[in-house]
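Asker: Quick one, fold the following:
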Amino acid sequence: MNHEKVLGFNPVSSTFLSLGLIKVTVDMAKYILEHLNKDNRKIRKSQVNSISKSIRRDGWLNDGQPLTFNTNGDITEFQHRLMSIVETGVEPEVPVVIGVEPDCFSKTAAAVTRTTNDEIGRKVNDY
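Answerer: Purely as a prediction, here's the structure:
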C-alpha cells in the first residue's frame with residue numbers, strides 16, 4: 001500500500017519526527033481510519049458526536065494536539081477527531097508526528113480529566 005501517495009508522507013518511521021502542519025482532508029481521514037488504525041481503542045460514537053458538535057458550533061480549534069503515528073504507521077491519537085473530520089467535512093491543518101513508540105499509549109500516564117473547578121481556577125487568579 002502506498003500511503004505516501006494518499007497522505008503526502010510515509011507514516012511508517014523508526015525516527016521520531018514532527019512533520020509540521022499538514023492539511024487533513026476528508027479523503028485522508030477516511031484512508032487513515034481504514035488502513036492505519038489497527039492498534040487503537042474502540043471508537044466511541046458519543047466522543048465523535050461531541051467533537052463534531054464543537055466543530056459545528058465553534059469551528060476547528062487549534063489546540064496543538066497532534067495526529068500521531070507509531071513506528072508501524074498506525075495512529076496512536078486522533079481517531080475520534082478523524083471521524084469528526086469525515087462527519088463535518090472540515091479539513092484542518094494539524095501537527096503530525098511520526099515514529100511514536102508503539103506501546104506509549106499503555107505505558108504513559110493518562111491525562112487528567114478537566115473539571116469545572118479547573119476551568120474556574122484557570123480563569124480566576126485568586127481561586
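
Asker: Pull the contacting residues for the residue nearest the centre of the chain.
Answerer: With distances taken as CA atoms, centre = their mean, the residue of the chain nearest its centroid is Phe78 (2.0 Å). By CB atoms under 8 Å, 6 or more residues apart in numbering, the contact set of Phe78 is 65-68, 94. Just so you know, the C-beta spots here come from the backbone N, C-alpha and C atoms, and that holds for glycine as well.

Asker: quick one: which of the residues you listed sit in helices?
Answerer: Judged by DSSP state H, helices contain none of these.

Asker: so of these, which ones are in strands?
Answerer: Using DSSP state E, 67-68, 94 are the members of these that sit in strands.

Asker: Kindly indicate which of these lies nearest Ser14.
Answerer: The shortest distance between Ser14 and any of those, using CB to CB, involves Thr68 and amounts to 14.6 Å.

Asker: At which residues are the helices of the protein located?
Answerer: Assigned by DSSP H, the helices in the chain fall at 3-7, 26-35, 45-58, 79-88, 104-107, 116-123.

Asker: closest one to Gly73 among those helices?
Answerer: Nearest to Gly73, of all those, is helix 3-7, at 6.6 Å by CB to CB.

Asker: list the contacts for the closest residue to Met83 other than its chain neighbours?
Answerer: For Met83, the nearest residue in space outside its immediate sequence neighbours is Val48; the separation is 4.4 Å by CB to CB, 6 or more residues apart in numbering. With contact set as CB under 8 Å, 6+ apart, Val48 has these partners: 80, 83-84, 87.

Asker: how many other residues sit next to the nearest residue to Glu87 once chain neighbours are set aside?
Answerer: Take Glu87 and drop its neighbours on the chain: the residue closest to it by CB to CB, 6+ apart is Ser52, 4.8 Å away. Neighbours of Ser52 under the rule other CB atoms under 10 Å: 19.
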